[in-house]
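**Q** could you work out the structure for the sequence below:
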Amino acid sequence: MAKYPRVREQHIAVFGEGGSGKTVLVSSFFGPTQEGSYSNDLWDLVADDTGQGNRLYRNYLGMRDRARAPLTTRFEATTYYFTVKLKGGDNAEAKKRPFDALRLAWHDYPGEWFEESPSTEEEANRRVDTFRSLLRSDVAFLLVDGQKLLDHTGEEERYLKSLLTNFRQGVLRLKDDLLGDEGRLDEFPRIWIMALSKADLFPDWDVYSFRDLLIEKAADHLDELRSTLKDLVDTPDALSVGEDFMLLSSAKFELSVAGPEPVEIDVTQRVGLDLILPVASMLPLERRVQWNERMEIPRKVLDTLADGAETLAAVLVGGKGFGVDKLVGKLPKVGPLASLAALPALAAAAKMAGSQVRQINAQARKDHDFLTATLTQFKLDLDQGVEDKLLIRSLK
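**A** Numbering: from 1, shown residues only. Predicted coordinates:
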């Protein structure tokens, strides 16, 4: 029997108002990987639900071939499951790897639920249940709609205030039901990335332009949202809200002067979507190390923070020699020694220099070690996203 599960699962939660582009984003994340011309020498991406995958690919084909944007979904809470299936399943290295596939659960939370109060008790309960379903996520994306930002040029604070206030009020409406009698949550998205959707509308911007606008126009409202989310979680200092920023664009849309419908959609000009998998896989591992080095984290929280990080780290640094599992199992639940949960493999993996990662990646490719090659490539992609000014990672 395998010592580890053969599938490692990561979760992300995507929040945004109605029309902010959530359906277009997930369609453009999946669609290009299904084209006949697509080539990836390390893994294949498949939708676990065939019908769901066909709908997303149809959305993508509509954009690619007919300049037709997907219909806006309203009040639909959807979780998309994608599996990154590693190649080389029959080779010798595959028998030694701890898992063969990385599953990504993409939780899409209806934006209308943050803009409108529930009309019935049944709907209120459904909102709570849906929110609970995404609590396993380590990373949440809060989308800032580029079109609405453009529409409010010169008075961006009006839109940003409305967005952040609606979201905060929506969370407050859920608070009592989420906490119940058990108190603050151990398991909760700990990394909240502010992401500019439809970034193609701002061709001269990099992620620092976006970050600076948010801080200038909405710093107080970000602080209020951060405070509200902190009230939900155990160990509230282990929470990043408004500290990570990202640019996202599904395609370049050329709009008609006569109306809102696009006349051309260039799906080859995507921004940031190739960072989704690296962000979901690597960013929680890095953040867990950062937090562990500066605070004491109770074991019950640690067990939910970057779930599976030890396994990922062991793969990245050849962790057999580190004895990660034995070390973590002997750690106390609280106290100064809890920080050792990040050592040695976690800290080593999080802090590897780019040159080291490239060397490990090259050797893994040569050895047909597809798992190590994939994870190190994710780490390289994450670093490249920072260098290309598409992503800002918190240093706290």
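
**Q** list the buried residues of the host helix or strand of residue 222.
**A** Per DSSP states H and E: residue 222 is located in helix 207-230. Going by neighbour count (16 or more other Cβ atoms under 10 Å), the buried part of helix 207-230 is 207, 210-211, 213-214, 217-218, 221-222, 225-226, 228-229. For the C-beta atoms, the positions are set from N, CA and C on the backbone; glycine is no exception.

**Q** stretch 90-101 too?
**A** In stretch 90-101, counting by 16+ other Cβ under 10 Å, buried: 93-94, 97-101.

**Q** and if you look at stretch 131-143?
**A** Of the residues in stretch 131-143, those with enough neighbours to count as buried (16+ other Cβ under 10 Å) are 131, 133-143.

**Q** cool, stretch 279-298 as well?
**A** Neighbour-count burial for stretch 279-298 [16+ other Cβ under 10 Å]: 279-292, 297-298.

**Q** over to stretch 51-71?
**A** For stretch 51-71, the neighbour count (16+ other Cβ under 10 Å) marks 52-53, 55-57, 59-64, 67, 69-70 as buried.

**Q** centre of the chain to it, how far?
**A** Counting by Cα atoms, centre = their mean, to the nearest Å, stretch 51-71 is centred 22 Å from the centre of its parent chain.

**Q** how about the CA coordinates for stretch 368-387, as PDB?
**A** Below are the C-alpha coordinates for stretch 368-387, written out as PDB (Å, rounded to 0.1, in the frame of the first residue of the first chain):
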ATOM      1  CA  HIS A 368      12.200  11.800 -16.000                       C
ATOM      2  CA  ASP A 369      11.200  12.700 -12.400                       C
ATOM      3  CA  PHE A 370       8.000  14.400 -13.500                       C
ATOM      4  CA  LEU A 371       6.800  15.300 -10.000                       C
ATOM      5  CA  THR A 372       9.900  17.100  -8.900                       C
ATOM      6  CA  ALA A 373      10.200  18.800 -12.400                       C
ATOM      7  CA  THR A 374       6.600  20.000 -12.100                       C
ATOM      8  CA  LEU A 375       6.800  21.400  -8.600                       C
ATOM      9  CA  THR A 376      10.200  23.100  -9.200                       C
ATOM     10  CA  GLN A 377       8.700  24.500 -12.500                       C
ATOM     11  CA  PHE A 378       5.800  25.900 -10.400                       C
ATOM     12  CA  LYS A 379       8.300  27.600  -8.100                       C
ATOM     13  CA  LEU A 380      10.300  29.000 -11.100                       C
ATOM     14  CA  ASP A 381       7.000  30.300 -12.600                       C
ATOM     15  CA  LEU A 382       6.100  32.000  -9.300                       C
ATOM     16  CA  ASP A 383       9.400  33.700  -9.200                       C
ATOM     17  CA  GLN A 384       9.000  34.700 -12.900                       C
ATOM     18  CA  GLY A 385       5.600  36.200 -12.200                       C
ATOM     19  CA  VAL A 386       7.200  38.400  -9.600                       C
ATOM     20  CA  GLU A 387      10.000  39.400 -11.900                       C
END
